[in-house]
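Undergrad: For reference, the sequence and a predicted model appear below.
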Amino acid sequence: MKDYTFPFDTCEIPYSKTSIIAQPYSFTVNLLSSCIILYALFNTNDIYIKTFFGLLFLFELIHTISHFIHIPGNIQNNIIHFIAYLVNFSYFAIFIHLTQTMPSIGILIIYLLIIILDIILLYKQKFLGYFITQLSLIILINLYYFNYITKHVSCNYIYLFFILTVIVILLFINEKENCKKMLDKKELPYHIIVETMGVPLFILFIIILKQLDK
């Protein structure tokens, strides 16, 4: 599998002659996502959930800026990845706070192993690998607290979250492997397919957490 560096290899040709924005279509979709998360931030009561939405907004804002301007090197990717850790830790903290119970040693070990793998993949610049490990941390938390979540939220939302996560991963794999072929056939901003699938994921976060908000 060939190398993939965010945001340079996302499948939308940057800096067209008609736009000063590097990737205007991806930028627009992510700007919409940022606004949705910002709305959730200002309409949340629980401080842990509010912190999560604040960090998620920061993550999506930097992500959006990365499609507005491309800075040479890995600084944009590394900043986004660091904020993704904060997002994941804050998500875990929500459920520790709500359940008033520390997670088991077993789940903490699995969580730590995923983080170690993630750091290795980040060091080796294996984007798809550490993209999946970051999502795996969220999936692990949802699975571990599944019974608690589904006491307050319809399990269909959790199932839909898992399905959308798999779809996003598959779309990224397709983009990584077939971007050049797709662009050779027709120069379209294919990356917005991935970004658009992110919008319902963010909305699901809001639906789930709003029903847990006290």
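TA: Good, I have the coordinates.

Undergrad: Sort out which residues of the helix of greatest length in the chain are buried, please.
TA: Of all the segments of type helix in the chain, defined by DSSP state H, the longest one is helix 155-185. The neighbour-count check on helix 155-185 (16 or more other CB atoms under 10 Å) flags Tyr157, Ile158, Phe161, Leu164, Thr165, Val168, Ile169, Leu171, Phe172, Glu175, Lys176, Cys179 as buried. Where C-beta positions appear, they are placed from N, C-alpha and C, glycine not excepted.

Undergrad: Run a quick check on the fourth one versus Leu204, I expect a contact.
TA: To tie it back to what came earlier, the one meant is Leu164. Yes - with the criterion set as CB atoms under 8 Å, Leu164 and Leu204 qualify as a contacting pair; they are 7.1 Å apart.

Undergrad: Count the residues that sit near Leu98.
TA: Look at Leu98: counted by other CB atoms under 10 Å, it has 19 neighbours.

Undergrad: ignore the last one, Ile75
TA: Look at Ile75: counted by other CB under 10 Å, it has 10 neighbours.

Undergrad: tell me which element Phe202 is part of?
TA: Under the criterion DSSP states H and E, the helix or strand holding Phe202 is helix 191-212.

Undergrad: hmm, who's touching that helix?
TA: Contacts of helix 191-212 with the rest of the structure, by CB atoms under 8 Å, 6 or more residues apart in numbering, involve 10-12, 23, 25-26, 29-30, 32-33, 36-37, 40, 43-44, 46, 49, 52-53, 56, 60, 94, 98, 149, 152-153, 157-158, 160-161, 164-165, 167-168, 171-172, 175.

Undergrad: I'd like the distance between Ile120 and Glu60.
TA: Using CB to CB, to the nearest Å, one obtains 26 Å as the distance from Ile120 to Glu60.

Undergrad: Mind checking which of the two has more residues around it?
TA: Remark: of Ile120 and Glu60, Glu60 carries more neighbours, 24 against 13, as counted by other CB under 10 Å.

Undergrad: Relative to the whole chain's centre, how far out is the helix holding Phe202?
TA: Shown here is helix 191-212, whose average C-alpha point lies 9 Å from the average C-alpha point of the whole chain (CA atoms, centre = their mean, to the nearest Å).

Undergrad: pLDDT on stretch 194-207, on average?
TA: When pLDDT is averaged over stretch 194-207, the result is 92.

Undergrad: Same check on stretch 120-137?
TA: For stretch 120-137, the mean per-residue pLDDT is 85.

Undergrad: List the buried residues for it?
TA: When neighbours are counted by 16+ other CB under 10 Å, the buried residues of stretch 120-137 are found to be 121-122, 126-137.

Undergrad: got the contact list for the one helix or strand Ile114 maps to?
TA: Taking DSSP H and E as the definition, one finds Ile114 inside helix 105-123. Residues from elsewhere that reach helix 105-123 (CB under 8 Å, 6+ apart): 78, 81, 85, 92, 103, 129-130, 133-134, 136-137, 140, 144.

Undergrad: for stretch 140-150, same thing?
TA: Where contact means CB under 8 Å, 6+ apart, the residues beyond stretch 140-150 that reach it are 88, 91-92, 95, 98-99, 103, 107, 110-111, 114, 155, 158, 161-162, 208, 212.

Undergrad: Kind regards, and thank you for your time.
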